[in-house]
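# This is a predicted model, with the sequence first.
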Amino acid sequence: MPFARELDADLENLGAPQENAPTTVHDIPRWRARLATADPSLEELRDHGRFEIQEFLAPGPDGAPDVPLLFARPTGLYRQAPVIYHMHGGGMIGGSSRTGMQTILHEWAEPLELAVVSVGYRLAPEHPYPAAIEDCYAGLLWLARHTGTLGVDRQRVIAVGGSAGGGLAAALALMARDRKGPGIFGQLLMCPMLDDRNDSLSAHQMTGLGVWDRHANSLGWTALLGEDRDGSQVSYYAAAARATDLSQLPPAYVDAGAAETYRDECVQYATRIWQAGGDAELHIWSGGFHGFDQLAPHAEVSRDARRTRFRWLCRLLSRDGTCGGVG
């Protein structure tokens, strides 16, 4: 698959897949350290008082530690604001509650007057399935119990995630539906990690190419599922593509690059939501590699992708199309 020409320089700077993503379990500490270097400090998130930042601990699943949550909102936002419930990326093996938060705060929370709760779920392989998704659900339960004190609207909680976080957001919507838990108003799934089988045409096409190729993806899924990976008993709370029933889910936004491992599983997931009578919007960005909008933010295709997500949030929240835009 061809990459967008405007992304060539960024791809060259990132290096080959074995250089920009882990390939063995021994690479995981290096991967985590690399992601951590991009995480903002709390003071950077506050941005000279532009945002209010607090940290909380939610009771964890039975027998598990408490779940760290990062709560953020534009300063002075005290009304019952809609809330982004964010699950970070990192291939199930890296990242933190701060990963990706600056973009969310500046491009969504401030212009749309949203609060954000970002969950610091446990990472594989030290904490295999179901640790991550159960942590995310425990955080959602805590959020539902504290909407009054936080000043957020319990009826408008939007599950958001990219890559591994996108897979967790999809699984969380399924879990909340099945357990009749707190309602989710919408799910924004950015290049989500959905299918442990890792055997789509796009996965094979991108082997050894781009960012987070089939080898890296295999490592992430194996860390999460161990010997169960690829087996018939894998839960759809681990890999949302395994779900046979995609009915009664909140409106979904799904996107991916055309030149990335997850392209085909994203197309299939959105298609199956439609086939179940659900509401989904799908965008496949021509020439985009995995995470292109974050790794090459000034490229026109990246700007288009971010603008389009923003507009979907506008429509979801207001239904009248009166929201502003991003640059």
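On my side now, so go ahead.
# Quick check: buried residues in the strand or helix carrying residue 37?
According to DSSP states H and E, residue 37 maps onto helix 28-38. Using 16 or more other C-beta atoms under 10 Å as the test for burial, helix 28-38 gives 28, 31, 32, 35. For glycine as for every other residue, the C-beta is placed from the backbone atoms N, C-alpha and C.
# Same question for stretch 246-263.
For stretch 246-263, by 16+ other C-beta under 10 Å, it's 246, 249-263.
# Out of these, list just those in strands.
Among the buried residues of stretch 246-263, the residues falling in strands (DSSP state E) are 252, 253, 254, 255, 256, 257.
# Provide the secondary structure category for the nearest residue to the fourth one once chain neighbours are set aside.
For residue 255, ignoring the flanking residues on the chain, the nearest one in space by C-beta to C-beta, 6 or more residues apart in numbering is residue 283 at 4.2 Å. Per DSSP: H, G, I helix; E, B strand; the rest coil, the secondary structure class of residue 283 is strand.
# Check residue 91 too.
Applying three-state DSSP: residue 91 is coil.
# Wait, it touches residue 219, no?
Yes. Counting by C-beta atoms under 8 Å, residue 219 is a contact partner of residue 91 at 7.4 Å.
# list the residues that contact both of the two?
residue 22 (C-beta atoms under 8 Å, 6 or more residues apart in numbering).
# Output the ones in strands among the buried residues of stretch 246-263 in a markdown table; the columns should cover distance to residue 207.
As requested, these are arranged in a markdown table below (distance: C-beta to C-beta, whole Å):
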| residue | distance to residue 207 |
| --- | --- |
| 252 | 28 |
| 253 | 28 |
| 254 | 23 |
| 255 | 22 |
| 256 | 16 |
| 257 | 15 |
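# Which of the helices and strands in this structure ranks last by mean pLDDT?
helix 17-20 (a mean of 84; mean pLDDT, DSSP states H and E).
# ok so, going back, now the helix holding residue 37: average pLDDT?
Helix 28-38 comes out with an average pLDDT of 94.
# Mind giving me the packing neighbours of the longest helix seen in the chain?
For the chain, the longest helix by residue count, based on DSSP state H, is helix 300-318. Here helix 300-318 is seen to pack against helix 110-112, strand 152-162, strand 186-190, strand 252-257, strand 280-285, helix 292-295 when contacts are counted using 3 or more C-beta pairs under 8 Å, 6 or more residues apart in numbering; DSSP states H and E.
# show me where pLDDT drops low in the stretch 151-300 of the chain?
Within the stretch 151-300 of the chain, no range satisfies pLDDT under 70.
# how about residue 13, secondary structure?
From three-state DSSP, the assignment for residue 13 is helix.
# and it, what is it in contact with?
Per C-beta under 8 Å, 6+ apart, neighbours of residue 13: none.
# again, but for residue 204
Counted by C-beta under 8 Å, 6+ apart, residue 204 has contacts residue 214.
# which pair in the buried residues of stretch 246-263 spans the largest distance?
250 and 259 (28.9 Å; C-beta to C-beta).
# Which positions in stretch 97-106 come out as buried?
Neighbour count says stretch 97-106 has 97, 98, 99, 100, 101, 102, 104, 105 buried, by 16+ other C-beta under 10 Å.
# mean confidence score for that stretch?
97.
# Next, the distance between the ends of it.
16 Å (C-alpha to C-alpha, to the nearest Å).
# Need phi/psi at residue 86.
Dihedral angles of residue 86 (phi, psi; degrees, to the nearest 10) stand at phi -110, psi 130.
# before we move on, the earlier item: counting only helices, which of the buried residues of stretch 97-106 make the cut?
101, 102, 104.
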